[in-house]
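Colleague: just coords:
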Ligand SMILES: Nc1ncnc2c1ncn2[C@@H]1O[C@H](COP(=O)(O)OP(=O)(O)OP(=O)(O)O)[C@@H](O)[C@H]1O
């Protein structure tokens, strides 16, 4: 078999694994197929994910299900206001012999095999902790105990609830683009799913639910190679390239693209920045994975549109007076961008 055929066969095998992975997660987390698809895209794009939503909509359950179905070394911490950055790296205690001991903390416990680091309730931790986490996400390395640790397989999942505002700390806006995606999660609307969630005891016992998921469906050690093969294997036509650049342009300069939003007089000053080349590269990366999951080796406009909001919305900086209405303005802006820019 030549190299291209071998590469194709590998991509097809891995697509099967991706489908089994999605099915395993969907078996435990009901009515969230679009969110599970986005998380799968992030896994194969090797990007970090922030999940945001109301209290008790299943964010933790989804991320635990993903960690279990994926396999590999996994650590989870819970954000608290008194957490220190060093709590992630080591902890000290007095041993039975009365002597102080130092043990690796959650980031170092599995050493360099760490595949998934799950940060629960990230907005309860203070900025010093965010700073360490964001550096770990950007560089996938950490210096401790006089040496550098590298985490080539590391993927960070974090969640934050949208409701809580007391004693919480927002992530710095400029650092949020370390997350490939920010995904909003809501409870399923379908009445039958709601009834099952309310009455079926399987969904009241999270540990039992997670324990029933098949494990280690994806091999984290090989994910980097497959992610690279997807990025090289999915083609973009000139028309698609022009489409992405036009969307980007319209997002950054909506007024020039002829976009008007209700209640905003100064469209020219609305977007202050943030949709950077790094952001658009992330968009294309995620779109290519979507195309691959849809069994194509070329991009279509729908691949771009399907990942546009979760990849781009958190990277846009608005004029400060509009930030309070961000949750309403940014989706409306994205919708207008799609309506204004003709798809090829
Ligand atoms: N879509 C769903 N599918 C399966 N279980 C669900 C779903 N939504 C909620 N649950 C169940 O509801 C309970 C609460 O879920 P979970 O702790 O994951 O919510 P959360 O969004 O992380 O909440 P918090 O913001 O308080 O941390 C769990 O027992 C979970 O099994």
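Modeller: Great, that's in hand. Computed from a prediction, not measured in an experiment: that's the story for all the values here.

Colleague: When you work out contacts or count neighbours from here on, use the C-alpha atoms and nothing else.
Modeller: Noted.

Colleague: so residue 157 touches residue 117, yeah?
Modeller: Yes - look at residue 157 against residue 117 with C-alpha atoms under 8 Å: they come within range, at 6.2 Å.

Colleague: Which element, helix or strand, includes residue 91?
Modeller: Take DSSP states H and E as the rule and residue 91 turns out to sit in strand 90-94.

Colleague: May I see the buried residues of that strand?
Modeller: Under the neighbour-count criterion of 16 or more other C-alpha atoms under 10 Å, strand 90-94 has residue 90 buried.

Colleague: That strand: what's the following helix or strand?
Modeller: With elements assigned by DSSP H and E, the helix or strand that comes after strand 90-94 is strand 100-104.

Colleague: partners of that following strand in the sheet?
Modeller: Note on strand 100-104: by DSSP bridges, its sheet partners are strand 90-94 (antiparallel).

Colleague: Residues touching the strand it pairs with, excluding its own?
Modeller: Among residues not part of strand 90-94, those counted as contacts by C-alpha atoms under 8 Å, 6 or more residues apart in numbering are 100-106, 108.

Colleague: On the pLDDT front, check the closest residue in space to residue 140 that isn't next to it in sequence for me.
Modeller: Leaving aside its sequence neighbours, residue 140 sits nearest to residue 151 (C-alpha to C-alpha, 6 or more residues apart in numbering; 5.2 Å). Note for residue 151: predicted pLDDT of 92.

Colleague: what's around residue 151, how many residues?
Modeller: When neighbours are defined as other C-alpha atoms under 10 Å, residue 151 has 21 of them.

Colleague: and it, what is it in contact with?
Modeller: Residue 151 makes contacts with 112-115, 140-141, as judged by C-alpha under 8 Å, 6+ apart.

Colleague: before we move on, the earlier item: what would the contacts of strand 90-94 look like in JSON lines with neighbour count?
Modeller: Formatted as JSON lines, the contacts of strand 90-94 follow (neighbours: other C-alpha atoms under 10 Å):
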{"residue": "100", "neighbour count": "10"}
{"residue": "101", "neighbour count": "10"}
{"residue": "102", "neighbour count": "11"}
{"residue": "103", "neighbour count": "12"}
{"residue": "104", "neighbour count": "17"}
{"residue": "105", "neighbour count": "17"}
{"residue": "106", "neighbour count": "19"}
{"residue": "108", "neighbour count": "20"}
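
Colleague: and which of those is nearest the ligand?
Modeller: Ranked by distance to the ligand (C-alpha to the nearest ligand atom), these are led by residue 106 at 19.5 Å.

Colleague: Common neighbours of residue 157 and residue 117, please.
Modeller: Joint contacts of residue 157 and residue 117 (C-alpha under 8 Å, 6+ apart) do not exist.

Colleague: Regarding residue 181, what is its secondary structure?
Modeller: strand (DSSP: H, G, I helix; E, B strand; the rest coil).

Colleague: what separates it from the ligand, distance-wise?
Modeller: Distance, residue 181 to the ligand, using C-alpha to the nearest ligand atom, to the nearest Å: 17 Å.

Colleague: Give me the nearest residue to that residue, chain neighbours excluded.
Modeller: Counting by C-alpha to C-alpha, 6+ apart, the nearest residue to residue 181 once its immediate chain neighbours are dropped is residue 311, at 4.6 Å.
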